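Peer 1: for reference, the sequence and a predicted model appear below.
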Amino acid sequence: MSDKSTSSIKSVFNKGLVISIATWLLLSLVFGLAYTQSHLYNDNQNTKFLHGLAMGGMGLLKEDWLANTADPLPAFSMLVSFTYAFLAERLFYVYFALLMGVYAYSILGIASSLYGMNRSPAKYLAYFVVILAIHSIQGQIFARKVLDFDVEILHFGLAGQYLLGLDFQNSSFGVFLLLSMHAFLQRKTVRAILWLSLASIFHSAYLFGAALMTLAYLGDLFYENIRIENQTEYSPSPLTPLPKVGEEERSNKGVPEFAPHTLIQRVLIAAKAPFLHGLLALVLVSPVVIYQQTALSSTSPQLSAQALDILVNQRIPHHTLPRVWMDGGAYLQIAIMLAGLLLVRKTRLFPVMLALTLGGALGWFIQVATGSNSLAMLGPWRVSVILVPLSTCLLIAWPIAKFFDRFARQVEVILPVVVVLCLAGIVYLGREGLAIQRGRFARYERMDSHPMMYFIRQEKAPGQVYLIPPRDNRFDEFRTFTGAPAFINWKSHPYRDFEVLEWYKRNMLARDFYTDDQATACQTLDKLTAEYMLTHVVIDLQQPHAICNGMQEAYRDQHYAVYSLVKQ
């Protein structure tokens, strides 16, 4: 190949890559502004970030009991640790915005592959505005106030699970499952498998869905290879299948009606590429599987059963038990998934969505029939976090594509108007999102628990352990806000069986102190001080509380008090 030809190819490649990256970054900015984020270390971040922040050196979190339990998210914790220790906390906002960009880029890419959304600027922009509107915070507020409808149902999964949520966490990497589908539709199977593996590495809960998608990819690849093998006399390269040979072309070139290979030979040749791709997928996720089977392995069947019962039936039944989360919204989401599956029945995406739907439905049926806590913890219905937003966006794409294709000439005449209106809508949603997020951050800074936590952040010292109200969600952020070790709370839990049992025991003791009468509460506090070296107690002054001997007031405001425990 000449230098000129090589240079031309590189130019095209680089141009395409630059355009893709620029599109992704622009989508990240626009989607991030309109969608918004919660303040850092909010809600689930207080659990998902804990190990990483402790490793990264936040305060005294290395002394926290929970931070020293088995880490269920090693890859994510490494990212958090590195970012906190060597970069800047604000980058967590950037990470989330970039993942939003991956989400939007994937949705637009899939719709373009199926319905040609990118063939017309007007069609592409109109589709993006609608997608942006149903995801934006302003769209959600409008739907609740005017339509009395929670629009999150359209892009959240079943059981309160989701890809994005409102803050950066390990589940956010599920957007790469959608990017994998986009790559698959472009017939880039290796790249599709790489994206699946990346999602699974950051969140092992995606292993089930990724496995189903991988099987669908390999089945599709095998089917195409066996068709080609039956049409040509020469064996195709497993990584670069030959194009289909038509009947007329076959007769003109003298290609025989059937390949000279035996049936077994044809099957083996066609299966080579799927086998190699499957092996690649297995190798990529094997560290995750091995880690799950070692670091998080059960100690004994009895302890494992007890721990699963606590997590499934007490801690997260809203995620694990269909009888708890199955409601009208869930039925609507199921209908959306089925409609999306029906819509793509004649496309290359159908086997992928079918595999996810059947796998999730089968797992759901078996869990309900058997009551298996292990299966409930696995949550096979998590595949809905991919299927619901994908189906919603495809159901929106289809009529928009039909409309713009049907009235292409008329749209062409008013193209500038359409583009201006779409851009105006994008700017409006972004501006409103930015204003709402500023207000959200301002409210966060005014929370009545923050003065007390600021005091603890300044006064904490090695060896201190703070008893906090375990089920008061205002204290979910206690560790990440103060950097001080907490005795326990209900929101953040470990995953290994004996650690779950210890976590539950601690929660019961903490609950007893805050809810029992004076005498019993003080007996509990004595036990906690002797067994766990407790040093401080935080009291909500708006709730009934016990004051015991040895509790010396260190801080008080109109809402909370902090007591140090003095040895008697």
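Peer 2: Now that the structure is in, tell me what you want to look at.
Peer 1: and the helix or strand where Phe208 lies, what's its mean pLDDT?
Peer 2: Per DSSP states H and E, Phe208 falls inside helix 207-229. Mean per-residue pLDDT for helix 207-229: 92.
Peer 1: what do you get for stretch 552-568?
Peer 2: Averaging pLDDT along stretch 552-568 yields 92.
Peer 1: got the CA coordinates for it in CSV?
Peer 2: The C-alpha coordinates for stretch 552-568 follow below in CSV (Å, rounded to 0.1, in the frame of the first residue of the first chain):
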residue,chain,number,x,y,z
GLN,A,552,-19.7,14.6,79.1
GLU,A,553,-21.1,17.2,76.8
ALA,A,554,-18.7,18.4,74.2
TYR,A,555,-21.0,20.2,71.7
ARG,A,556,-24.6,21.4,71.6
ASP,A,557,-26.8,23.4,69.2
GLN,A,558,-30.5,23.6,68.9
HIS,A,559,-30.7,20.3,67.1
TYR,A,560,-27.9,18.0,68.2
ALA,A,561,-25.5,17.3,71.0
VAL,A,562,-22.2,15.5,71.1
TYR,A,563,-21.0,13.7,74.3
SER,A,564,-17.6,12.2,75.0
LEU,A,565,-17.5,9.1,77.2
VAL,A,566,-15.5,9.5,80.3
LYS,A,567,-14.3,6.3,82.0
GLN,A,568,-15.8,5.9,85.5
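Peer 1: mind listing what's buried in that stretch?
Peer 2: Tyr555, His559, Tyr560, Ala561, Val562, Tyr563, Leu565 (16 or more other C-beta atoms under 10 Å). To be clear about C-beta, it is placed using only N, CA and C from the backbone, and glycine gets the same treatment.
Peer 1: so where is the protein shaky, pLDDT-wise?
Peer 2: For the chain, the stretches with pLDDT under 70 are 1-13, 229-261, 568.
Peer 1: name the nearest residue to the most centrally placed residue in it, ignoring sequence neighbours.
Peer 2: With distances taken as C-alpha atoms, centre = their mean, the residue of the chain nearest its centroid is Ser171 (2.3 Å). Leaving aside its chain neighbours, Ser171 sits nearest to His203 (5.6 Å; criterion: C-beta to C-beta, 6 or more residues apart in numbering).
Peer 1: what residues does Ala521 make contact with?
Peer 2: Asp512, Phe513, Tyr514, Thr515, Ala546, Cys548 (C-beta atoms under 8 Å, 6 or more residues apart in numbering).
Peer 1: swap that for Pro485, please
Peer 2: Pro485 is in contact with Leu60, Leu61, Glu63, Asp64, Trp65, Ala67, Gln464, Val465, Tyr466, Arg479, counting by C-beta under 8 Å, 6+ apart.
Peer 1: looking at the residues you listed, which are in helices?
Peer 2: Counted as lying in helices by DSSP state H, out of the contacts of Pro485, are Arg479.
Peer 1: among the contacts of Pro485, which one has the most neighbours?
Peer 2: Counting neighbours by other C-beta atoms under 10 Å, Arg479 leads the contacts of Pro485 with 29 neighbours.
Peer 1: now that residue. Nearest residue, chain neighbours left out?
Peer 2: Nearest to Arg479 is Ala486, by C-beta to C-beta, 6+ apart, at 5.3 Å.
Peer 1: hey, where'd the strands end up in the stretch 401-550 of the chain?
Peer 2: 466-467, 536-540 (DSSP state E, counting those that start in this stretch).
Peer 1: could you dump those strands into JSON lines with distance to Val94 added?
Peer 2: Formatted as JSON lines, the strands of the stretch 401-550 of the chain follow (distance: least, C-beta to C-beta, whole Å):
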{"stretch": "strand 466-467", "distance to Val94": "32"}
{"stretch": "strand 536-540", "distance to Val94": "33"}
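Peer 1: between those strands, which one is nearest to Glu89?
Peer 2: Between Glu89 and the strands of the stretch 401-550 of the chain, the tightest spacing by C-beta to C-beta is seen for strand 466-467, at 22.2 Å.
Peer 1: packing partners for the closest one?
Peer 2: Judged by 3 or more C-beta pairs under 8 Å, 6 or more residues apart in numbering; DSSP states H and E, the packing partners of strand 466-467 are strand 536-540.
Peer 1: spit out the contact partners of Phe202.
Peer 2: With contact taken as C-beta under 8 Å, 6+ apart, Phe202 is in contact with Leu73, Ala75, Phe76, Leu79, Asn170, Phe173.
Peer 1: and for Gly340, the neighbour number?
Peer 2: 22.
Peer 1: that one against Thr392, yeah?
Peer 2: Yes: using C-beta atoms under 8 Å, Gly340 makes contact with Thr392 at a distance of 7.4 Å.
Peer 1: if we can go back for a sec, closest to Asn507 out of the strands of the stretch 401-550 of the chain?
Peer 2: strand 466-467 (11.5 Å).
Peer 1: name the residues that touch the closest one?
Peer 2: 456, 478, 482, 484-487, 510, 513, 525, 528, 534-538.
Peer 1: list just the nearest of the residues you listed to Val146.
Peer 2: Of these, the one sitting nearest to Val146 (C-beta to C-beta) turns out to be Phe478, at 37.9 Å.
Peer 1: who's in contact with that closest one?
Peer 2: Shown in contact with Phe478 (C-beta under 8 Å, 6+ apart): Asn46, Met453, Tyr466, Ile468, Ala484, Ala486, Asn489.
Peer 1: now those residues in CSV, with distance to Glu445?
Peer 2: Listed next are the contacts of Phe478 as CSV, based on distance: C-beta to C-beta, whole Å:
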residue, distance to Glu445
Asn46, 17
Met453, 12
Tyr466, 22
Ile468, 20
Ala484, 20
Ala486, 22
Asn489, 22
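Peer 1: isn't there a helix covering Met337?
Peer 2: Yes: counting by DSSP: H, G, I helix; E, B strand; the rest coil, Met337 is part of a helix.
Peer 1: any idea how far it is from Phe149?
Peer 2: Distance of Met337 to Phe149, given as C-beta to C-beta, to the nearest Å: 18 Å.
Peer 1: so for these two, which sits in the more crowded spot?
Peer 2: A direct count of neighbours by other C-beta under 10 Å for Met337 and Phe149 places Met337 higher, at 25 against 15.
Peer 1: correct me if wrong: the more buried one contacts Val385.
Peer 2: No: Met337 is beyond contact range of Val385, at 11.0 Å (criterion: C-beta under 8 Å).
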